[in-house]
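K.L.:
give me coordinates for this.
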Amino acid sequence: MTEAVQRAAIVQWAGSLFARGLTPGSSGNISVRLADGFLMTPTNACLGFLDPARLSLLDAAGAHVAGDPPTKERPLHLAFYHARPEIGAVVHLHSTYATALSCLSDIDPHDAVPAITPYVVMRVGRVPVLPYARPGAPEMATLLHQHARDCTAVLLGNHGPVVAAPTLAEAVFAIEELEETAKLVLLTRGMPVRTLSGAQVAELHQVFRKG
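P.N.:
Now for the predicted structure:
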């Protein structure tokens, strides 16, 4: 896939996420891996009004080489790429329900999203919660790197979700699934919820999440 196609895809998916209210204002950021570097959305850019020519171009080491200055969350994206060579895209949003889940003090920090549907298991997997760190803080990338080899999605404490996947489309689909499941979790909070059994989750991992 050429760089021009990747630029167009970032703008298209970002516009869709913004139009559906999944990340407000200038929040959220997206990146994709290129053959010799990375493309990222610029800092303080609204995902609904991106210019493909102004996306931030980074070299293989993560240094800014062209376009507008990259998102201050660049270390988060690079942590996933450095930990998992199969990752081709990273999406971070401030979506309402997943962010709300990241603010709760009584959720499981090792897996904030219970297996209440098969699709959250298939597309997202385990979702740990990282301790709070200010946006863009270097320690946030260090915390993420500790989990990146074992999972492809995290909740940043009091901040929001980050999801990585082999392609941008897969990353978008996964973060949408995470948002919808977070909504279900909050809507059923305090109710007697029937979650998938350990055997059912294991079957889903075996069939849909090989490797």
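K.L.:
can you show me the helices along the protein?
P.N.:
With helices called from DSSP state H, the chain shows them at 3-19, 74-83, 96-103, 118-123, 138-148, 168-187, 198-208.
K.L.:
lowest average confidence across those, which one?
P.N.:
The weakest mean pLDDT among the helices of the chain belongs to helix 138-148, with a mean of 87.
K.L.:
need the contact partners of that one.
P.N.:
By Cβ atoms under 8 Å, 6 or more residues apart in numbering, the residues outside helix 138-148 that reach it are 75-76, 78-80, 82-84, 128, 130-131, 133-134, 154, 156, 162, 164. Yep, even glycine has a C-beta here, placed from its N, CA and C like the rest.
K.L.:
in it, which residues are buried?
P.N.:
140-141, 143-145, 147-148 (16 or more other Cβ atoms under 10 Å).
K.L.:
same check, this time on stretch 89-100
P.N.:
By neighbour count on 16+ other Cβ under 10 Å, the buried set for stretch 89-100 is 89-99.
K.L.:
save those residues as JSON lines, and put in distance to residue 168 too.
P.N.:
Listed next are the buried residues of stretch 89-100 as JSON lines, based on distance: Cβ to Cβ, whole Å:
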{"residue": "89", "distance to residue 168": "4"}
{"residue": "90", "distance to residue 168": "9"}
{"residue": "91", "distance to residue 168": "8"}
{"residue": "92", "distance to residue 168": "13"}
{"residue": "93", "distance to residue 168": "13"}
{"residue": "94", "distance to residue 168": "18"}
{"residue": "95", "distance to residue 168": "17"}
{"residue": "96", "distance to residue 168": "22"}
{"residue": "97", "distance to residue 168": "22"}
{"residue": "98", "distance to residue 168": "18"}
{"residue": "99", "distance to residue 168": "21"}
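K.L.:
nearest to residue 59, of these?
P.N.:
Closest to residue 59 out of the buried residues of stretch 89-100 is residue 90 (16.9 Å), distances taken as Cβ to Cβ.
K.L.:
list the contacts of that closest one.
P.N.:
Going by Cβ under 8 Å, 6+ apart, residue 90 touches 30-31, 76-77, 80-81, 162-164, 171.
K.L.:
mark which of these are buried, thanks.
P.N.:
Buried members of the contacts of residue 90, counted by 16+ other Cβ under 10 Å: 30-31, 76-77, 80-81, 162-164, 171.
K.L.:
may I see the helices of the chain arranged in a markdown table, with distance to residue 64 as well?
P.N.:
Below are these laid out as a markdown table (distance: least, Cβ to Cβ, whole Å):
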| stretch | distance to residue 64 |
| --- | --- |
| helix 3-19 | 16 |
| helix 74-83 | 8 |
| helix 96-103 | 28 |
| helix 118-123 | 32 |
| helix 138-148 | 16 |
| helix 168-187 | 20 |
| helix 198-208 | 37 |
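K.L.:
and of those helices, who's closest to residue 49?
P.N.:
Taking Cβ to Cβ, helix 3-19 is the member of those nearest to residue 49, at 8.0 Å.
K.L.:
centre of the chain to the closest one, how far?
P.N.:
15 Å (Cα atoms, centre = their mean, to the nearest Å).
K.L.:
appreciated, that's everything.
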